[in-house]
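**Q** Sequence and computational prediction follow.
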Amino acid sequence: MLNSFLKKIILILFVTSAAAQVENEVSPPYNIKTVSFIQNNQNVVPIFPLGSGFQLQFDDLFGNEADYFYEIIHCDYNWIPSDIPKNEYLQGFDNQRIQDYTNSFNTLQIYSHYKLAIPNQHTQQLLISGNYMLKVLNSDRELVFSRKFILHEDLATVPIQVKRARTVSNLESKQNLEFSIKSKTITFQNPLKNIKTALLQNGKFNSAIKNIKPQYTIGNDLIYKYDTETQFWAGNEFLYFENKDIRAANNNVSRVDSSTDIYNSYLYTNNARMNFPYSFTEDINGNFVVRNLNAANDEIEADYAWVYFSLSAPTFRLNKDIYINGMFNNYSLAPEYKMEYNSKKGLYEKAILIKQGFTNFEYTVADANKKIDHENAIDGNFYQTENDYTILVYYRENTDRYDRVIGKGTANSTNIIN
């Protein structure tokens, strides 16, 4: 009898631990391209006010009007699915087919363009703030890809100051965030336990700084003035290319080849900038704009081109890989974005299929376990680099069953101070 009881307990614990798996973003397969969150007709980092509308858009290069379905999962601070029932965070239904899709028009690369609006006739409203995972499934209900998004309330303000590093060794290469959390509507209960923060640089979830506790409190204000815990490697300005007119060699495109089925855009070779002085160049902090100068509807009339990247990095001797990253591929470290070394030319090279327009990108160093090496960045780290910073405030009162996002603060390093 006792043995049977123990078996049941072990089974319950196993099921519970299996259910408490962290939700990680799954990169799309080769045929799914240009996955983006759209708000006010612009690609945005997917952090939205609770109650606002947005869209998920993507292209399927098979162009066969395949059926895709979506599922929305609410998660806690650590991206583990919440215990609350779906009807408490979603009014309506998910697991519905994405009905808004259009085939490409007048393009060499055919594709079907999909748009999922939230809210819609099935999913009328997302009811609570917090972390969400949006999953896109095929007709067999198999996962195709997934993307994170976050909904926040405006119950707390987060004033931020971007400062140079407080540690001498990183004075030239890091940026430090000092901030406070203030609320006129919430009296914080046990903030050391109930308040959590996430610090993001240029909207990158994969390099967020988390689990920073308030250093001290003044009344109901929480103060964070750390020296090392809230530092980011500053990086360098993003590189870019422009092929809005896909037949012409525009900014940073050295030549265009039209002898194959679709256009090929060959970029000028980039030199690793780690040993060069900092030089300011205008960028859009990793974002991209889909644009065809000769079309009326960029969503379905912008074409795809093979974009050929090349990098000269003769002093790069680490036993690590170099990837091409940006919002255009969600900073993915998938094999299709890993550069290959051409020993004859002495260059790192890669060709990537990208939708035409204006695209920011960067070179990312990572080891075999996909851990990013920010310190040895190909283009160096310079405290003068212009970066966008976002701080999210999570709060769970003693009686709450989920982590709310009660506030969002933003700052830019152009206003950096010593």
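**A** Thanks, I have the structure now.
**Q** For this protein, give me the ranges with low pLDDT.
**A** Applying pLDDT under 70 to the chain flags residues 1-20.
**Q** isn't there a strand covering residue 328?
**A** No - in this structure, residue 328 is helix, not part of a strand, as judged by DSSP: H, G, I helix; E, B strand; the rest coil.
**Q** which non-adjacent residue is nearest it?
**A** Nearest residue to residue 328, sequence neighbours excluded (CB to CB, 6 or more residues apart in numbering): residue 288, at 4.5 Å. (C-beta placed from N, C-alpha, C; glycine too.)
**Q** give me the number of residues near that neighbour?
**A** Counted with other CB atoms under 10 Å, the burial measure for residue 288 works out to 21 neighbours.
**Q** That one reaches residue 329, doesn't it?
**A** No - when contacts are counted by CB atoms under 8 Å, residue 288 is not listed as touching residue 329 (9.5 Å).
**Q** before we move on, back to that, please report the distance of the residue nearest to residue 328 from residue 360.
**A** Distance, residue 288 to residue 360, using CB to CB, to the nearest Å: 6 Å.
**Q** Residues that sit against both of those two, list them.
**A** 326-328 (CB atoms under 8 Å, 6 or more residues apart in numbering).
**Q** Among those, which one has the most neighbours?
**A** In terms of neighbour count, residue 328 stands highest of those at 27 neighbours, by other CB under 10 Å.
**Q** And the contacts of stretch 101-110?
**A** The set of residues external to stretch 101-110 that reach it, using CB under 8 Å, 6+ apart, is 59, 61, 63, 65, 111-115, 261-263, 295, 297, 299-304, 353.
**Q** Taking the residues you listed, please make a ChimeraX selection of just the buried ones.
**A** Buried members of the contacts of stretch 101-110, identified by 16 or more other CB atoms under 10 Å, are gathered into one ChimeraX selection as follows:
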select :59,61,63,111,112,113,114,115,263,295,299,300,301,302,303,304
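**Q** Let's see which of the contacts of stretch 101-110 end up in helices.
**A** 299-301 (DSSP state H).
**Q** will you turn the residues you listed into TSV that also has distance to residue 156?
**A** Below are these laid out as TSV (distance: CB to CB, whole Å):
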residue	distance to residue 156
299	36
300	41
301	43
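**Q** Sort out which one of these lies nearest residue 378 for me.
**A** Taking CB to CB as the measure, residue 378 lies nearest residue 299 of those, at 32.9 Å.
**Q** residues in contact with that closest one?
**A** Under the criterion of CB under 8 Å, 6+ apart, the contact list for residue 299 reads 57, 102, 113, 115, 290.
**Q** Tell me the buried residues in stretch 182-190?
**A** Within stretch 182-190, judged by 16+ other CB under 10 Å, the buried ones are 182-183, 186, 188.
**Q** What is the nearest of these to residue 232?
**A** The closest of the buried residues of stretch 182-190 to residue 232 turns out to be residue 182 (CB to CB; 22.9 Å).
**Q** pretty sure that closest one is touching residue 188, no?
**A** No - with the criterion set as CB under 8 Å, residue 182 and residue 188 do not qualify as a contacting pair; they are 10.1 Å apart.
**Q** one step back: which two of the contacts of residue 299 have the greatest separation?
**A** When the contacts of residue 299 are compared pair by pair using CB to CB, the two farthest from each other are 102 and 290, 14.0 Å apart.
**Q** which of these two has more neighbours?
**A** Comparing residue 102 with residue 290 by other CB under 10 Å, the one with more neighbours is residue 290, at 21 against 14.
**Q** count of residues packed around the closest residue to the more buried one other than its chain neighbours?
**A** By the measure of CB to CB, 6+ apart, the closest residue to residue 290 outside its immediate chain neighbours is residue 357, 4.5 Å from it. Residue neighbour count, defined by other CB under 10 Å, stands at 20 for residue 357.
**Q** can you give me phi and psi for residue 357?
**A** For residue 357, the backbone dihedrals are phi 150, psi -130 (criterion: degrees, to the nearest 10).
**Q** tell me the contacts of it?
**A** In this structure, residue 357 makes contact with 242-244, 288-292, 298, 302, judged by CB under 8 Å, 6+ apart.
**Q** Now go through these and say which are in helices.
**A** Those of those lying in helices (DSSP H): residue 298.
**Q** From the contacts of residue 357, which land in strands?
**A** Of the positions in those, 242, 288-290 sit in strands, assigned by DSSP state E.
**Q** and of those, the nearest to residue 372?
**A** The shortest distance between residue 372 and any of the ones in strands among the contacts of residue 357, using CB to CB, involves residue 288 and amounts to 20.1 Å.
**Q** Could you report the distance from the closest one to residue 338?
**A** Distance, residue 288 to residue 338, using CB to CB: 20 Å.
**Q** in what helix or strand does the residue nearest to residue 275 when sequence neighbours are not counted lie?
**A** In this structure, residue 275 finds its nearest non-sequential neighbour in residue 315, 6.8 Å apart by CB to CB, 6+ apart. In this structure, residue 315 is located outside every helix and strand according to DSSP states H and E.
**Q** what residues are up against residue 315?
**A** With contact taken as CB under 8 Å, 6+ apart, residue 315 is in contact with 272, 274-275.
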